[in-house]
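>>> Predicted model and sequence below, questions to follow.
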Amino acid sequence: MEDKFIDIVKNKKARFNYEITDTFEAGIVLHGTEVKSLRQKACSIEQAYAYIKNGEVFITGMLISLYDMGNRFNHDPERERKLLLHKSQIKWLIGKIKEKGFTLVPLRLYFKNGKAKIELGLGRGKAQHDKRQTIQRRDLDRDMQREIKKYVR
């Protein structure tokens with residue numbers, strides 16, 4: 001069976017602001033109207049981060065807008081949501097997060113076979129000079145691609 005991925009939203013600044021060492025796929029505990037809002041791509045993970053409390057992983061700062069056709073049972077857009085990971089993964093993450101400077105950053109939110117999933121990155125914050133190097137490398141790559149296109153035609 002082939003997995004079907006439908007991207008909802010990507011956190012473009014995550015790889016710029018953090019040096020990502022490992023990635024994990026986690027399920028999300030959602031209410032009905034939250035899923036419907038996600039299908040409309042009405043969400044943001046730019047300000048979100050995950051943390052571990054009592055052996056469980058939660059994400060905070062993730063905004064899922066209210067569902068347009070929702071009624072009085074509509075969800076709270078800024079509530080904390082529980083993430084579903086294996087116990088062994090959580091124990092490994094606890095050990096890594098205790099190391100200096102590591103944090104859990106959401107990289108993208110997507111549907112996989114009809115289920116909402118989030119890709120978490122274990123990353124360390126970049127210093128300002130590292131960000132400058134990233135920008136410089138990106139500009140050089142862009143210039144090289146332009147030069148290659150000139151000679152290929």
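Alright, I've got the coordinates. Here the structure is a predicted model, which means the values were calculated and not measured.
>>> Who are the packing partners of the lengthiest helix in the chain?
Looking across the chain with DSSP state H, the single longest helix is helix 128-152. Helices and strands touching helix 128-152, by 3 or more C-beta pairs under 8 Å, 6 or more residues apart in numbering; DSSP states H and E, are helix 14-17. C-beta here means a position set from N, CA and C on the backbone, and glycine is covered the same way.
>>> Now do the buried residues in the helix it packs on.
14, 15 (16 or more other C-beta atoms under 10 Å).
>>> again, but for stretch 84-102
Those would be 85, 90, 93, 97, 102, for stretch 84-102 by 16+ other C-beta under 10 Å.
>>> Now do that stretch: everything it contacts.
With contact meaning C-beta atoms under 8 Å, 6 or more residues apart in numbering, stretch 84-102 is reached by 21-22, 24, 26-29, 52, 55-57, 103-104, 122-125.
>>> Among those, name the buried ones.
Buried, going by 16+ other C-beta under 10 Å: 24, 26, 28, 52, 57, 104, 122, 123, 124, out of the contacts of stretch 84-102.
>>> So which of those residues belong to strands?
If you go by DSSP state E, these have 24, 26, 28, 52, 57, 104, 122, 123, 124 in strands.
>>> and which of the residues you listed is nearest residue 76?
Nearest to residue 76 among those: residue 28, at 14.6 Å, using C-beta to C-beta.
>>> Residue 81 is in contact with the closest one, correct?
Yes: Residue 28 lies in contact with residue 81 (C-beta atoms under 8 Å); the separation is 5.5 Å.
>>> how many neighbours does the closest residue to residue 29 other than its chain neighbours have?
Leaving aside its chain neighbours, residue 29 sits nearest to residue 82 (4.3 Å; criterion: C-beta to C-beta, 6 or more residues apart in numbering). Applying other C-beta atoms under 10 Å, we find 15 residues neighbouring residue 82.
>>> Can you name the residues that contact residue 82?
With C-beta under 8 Å, 6+ apart, residue 82 has these contacts: 28, 29, 56, 57, 58.
>>> pLDDT weak spots in this protein?
1-2, 153 (pLDDT under 70).
>>> repeat that with 90
Filtered on pLDDT under 90, the chain yields the residue ranges 1-9, 11-21, 30-44, 49, 63-79, 94-103, 113-114, 123-139, 143, 146-153.
>>> Residue 74 in helix, strand or coil?
coil (DSSP: H, G, I helix; E, B strand; the rest coil).
>>> who's in contact with it?
Counted by C-beta under 8 Å, 6+ apart, residue 74 has contacts 33, 66, 67.
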